[in-house]
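Engineer: below is the sequence, then the predicted model.
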Amino acid sequence: MAVLKAFRAYRPAAGYADKVAALPYDVMNSDEARRAAFGNPYSFLRVDKAEIDLPKSVNIYDDRVYETAAQNLRKLISADVLRQDETPCLYIYAQTRLGRVQTGLVGCASVDDYLQNVIKKHELTRADKEQDRIRHVDTLDANTGPIFLTYRGEAAVSDLLENWKQTHKAVYDFTADDVRQQVWVMDDAATIATLCTCFAAIPALYIADGHHRAASAVKVAELRRAAHPDYDGSEEFNYFLSVLFPAEELEILDYNRVVKDLNGLTETEFLQRLRTDFTVEPAPVSPYRPEKRHTFGLYLGGKWYALSVKPGVADESDPVASLDVSLLQARVIAPILGIDDPRRSDRIDFVGGIRGLSELEKRVDAGEAAAFAMFPTSLSELLAIADAGKIMPPKSTWFEPKLLSGLFIHMLSE
C-alpha cells in the first residue's frame, strides 16, 4: 500500500512565490530559460537550469553547472527568500486552467514503493537524462522538482482537502502563464495522520509525468543507502518530493507529430500508402482536430485530411498496441516513413497540444513535410497500461498545466 510522508519543505517566503516559481527544467531549452529568467534573480530556473548563469560555451553537463545550481539554492536560502517550515507538513497545491481545477497533495513518496512497483510506471527512461538529474539531486542534496503522481480518487481524501481549502487561507495565490496557482499548508498533525492512513489503503500510485525525475531520485537514494549501510529507512533520502492528484481531475492533451520528410515519397504516393490501413478524406473543417479514438488529422501540402483506422486494424485486446500513438507508429511512422526509433530520430518531432494546431500548420508551411494531429491518450488507458506492467510509446501524453518548480524543496539530509 502507498506511503505518504509529511516533510519540512523549504518554500518561498511571503511575497516571493510568483518570483521564484518556474516551469520544469525539461519543458524548455537553455535559451528559453535564459529569456524566462531575465531580470529575475529569484527565478528557480537558476537552480534547475543553472547553465543560464554561466557562459553559453559551458556544456550543460559540466561540473560547474551543478555547482552553480547548489550555490544558487544556498543563496535563496541565505537571503531568506526560501524558508523551511518548523514542523513536517503536507501541502495542497491547486491549479486552475480554463475553469478546470486540479487539486494535488504535496508530500514525499517512498523509494521502496517505487522499487516494489507500488508506484507504477508507463514510460522508459534514458540513462543520459537520468544521469543529469542524479548529479543535480546529489549535488544539491535536495529534490527540487516534484514528481507528478496520480491515483484512483478516494472520496475521503478529496473531502479532507476540500474542507481544508474552505477553512484555511492559501499561503500563495498567483497566476503564471494563465494558470492560477494556489498553495495551502497543512500543519495539523491529526489531519496529516488521517491522510497518511488514507493513502496506506490505496493499492497503487502511478507516475503521470516525471519518470526521469523519479528514477533519478531513487538512484540517489540507492547511492546514499550504499554509503550508509546502517540506514533504518527513516532518513529523508528514502523519500522523494511528489504531488499526488486524483486521476479524475487530470487532463491529458494531444501530443502531436511533425515529420521532416516523406521518406522519398511524393504527397500523392504517401496518401495512397495511407489508404491501406486508413480511410483518407478531406477534413470537414480546417484545421482539423480528431474527435475520437482511432482518428487523426493530417496536415500535408497546405491541406487538412481526416484519417480513420479501418475496421480490424487495431488490436483492442492489447492496451499498448491499440493506442493511437502506437497505431500511427506501427502503420505509418515506421513502415511508410522509415522512422523505427522515434526516441532518437531527428526526422520526427513532437509538439504538445498546448501549442495548438496552428503550430502544426506553421511548421509544415515553413518546410517540414507533414503533421499529424492526435486524439489525446486517456487516463484510463494510461492506468490500464501501468497496471498491466507495460510501457507506452514515447511522447504519448502531454499533461497540462505543468507543475511549477521552486514552491517546495525537499532536503535529503535533515
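Structural biologist: That came through, no problem.
Engineer: distance check, Glu414 against Tyr299.
Structural biologist: Look at Glu414 and Tyr299: by CB to CB, to the nearest Å, they are 53 Å apart. For the C-beta atoms, the positions are set from N, CA and C on the backbone; glycine is no exception.
Engineer: which of these two has more residues huddled nearby?
Structural biologist: Tyr299 (25 against 12; other CB atoms under 10 Å).
Engineer: which residues touch the strand or helix carrying that one?
Structural biologist: For Tyr299, the enclosing helix or strand under DSSP states H and E is strand 295-300. Outside strand 295-300, the residues that touch it by CB atoms under 8 Å, 6 or more residues apart in numbering are 267, 270-271, 274, 278, 280, 283, 287-290, 304-309, 324, 328, 357, 360-361, 364, 369-375.
Engineer: just checking, what packs against the following helix or strand past that strand?
Structural biologist: Where DSSP H and E defines the elements, the next helix or strand beyond strand 295-300 is strand 303-309. Identification of packing neighbours for strand 303-309 by 3 or more CB pairs under 8 Å, 6 or more residues apart in numbering; DSSP states H and E yields strand 278-282, strand 295-300.
Engineer: mind checking how far the shortest one is from the chain centre?
Structural biologist: Looking back up the chat, that one is strand 278-282. 33 Å (CA atoms, centre = their mean, to the nearest Å).
Engineer: tell me the secondary structure at Val58.
Structural biologist: Of the three states, Val58 takes coil according to DSSP: H, G, I helix; E, B strand; the rest coil.
Engineer: and the helices in this protein?
Structural biologist: For the chain, helices defined by DSSP state H occupy the ranges 17-20, 30-37, 45-48, 63-78, 111-115, 127-140, 155-167, 189-200, 211-227, 267-274, 324-328, 357-365, 379-387.
Engineer: surely Tyr91 is in contact with Thr103?
Structural biologist: No - in this structure Tyr91 lies outside contact range of Thr103 using CB atoms under 8 Å: 11.2 Å.
Engineer: out of the two, which sits in the busier spot?
Structural biologist: More crowded of Tyr91 and Thr103, by other CB under 10 Å: Tyr91, with 23 against 20.
Engineer: ok, now which ones touch the more buried one?
Structural biologist: Ala9, Arg11, Leu105, Val106, Gly107, Val183, Trp184, Val185, Met186, Phe408.
Engineer: per-residue confidence at the fifth one?
Structural biologist: Right, Gly107. On the pLDDT scale, Gly107 is placed at 98.
Engineer: right, and it touches Leu4 too?
Structural biologist: Yes - contact criterion CB under 8 Å: Gly107 and Leu4 qualify, at 4.9 Å.
Engineer: so between the two, which is more surrounded?
Structural biologist: Higher neighbour count among Gly107 and Leu4: Gly107, with 29 against 25, using other CB under 10 Å.
Engineer: wait, what's in contact with the more buried one?
Structural biologist: Residues near Gly107 by CB under 8 Å, 6+ apart: Leu4, Lys5, Ala6, Phe7, Leu90, Tyr91, Ser242, Leu244.
Engineer: equivalent analysis for Val183, please.
Structural biologist: Here Val183 is in contact with Arg11, Ala17, Tyr91, Ile92, Tyr93, Ala94, Val106, Ala170, Val171, Tyr172, Asp173, Leu407 (CB under 8 Å, 6+ apart).
Engineer: spatially, what comes nearest to Pro284 if we skip its sequence neighbours?
Structural biologist: In this structure, Pro284 finds its nearest non-sequential neighbour in Ala306, 6.8 Å apart by CB to CB, 6 or more residues apart in numbering.
Engineer: returning to that earlier point: I'd like to know which of the contacts of Val183 is nearest to Asp62.
Structural biologist: Leu407 (27.6 Å; CB to CB).
Engineer: and the gap between the closest one and Ala370?
Structural biologist: 40 Å.
Engineer: run a quick neighbour tally on Tyr239.
Structural biologist: Going by other CB under 10 Å, the residues that sit close to Tyr239 add up to 25.
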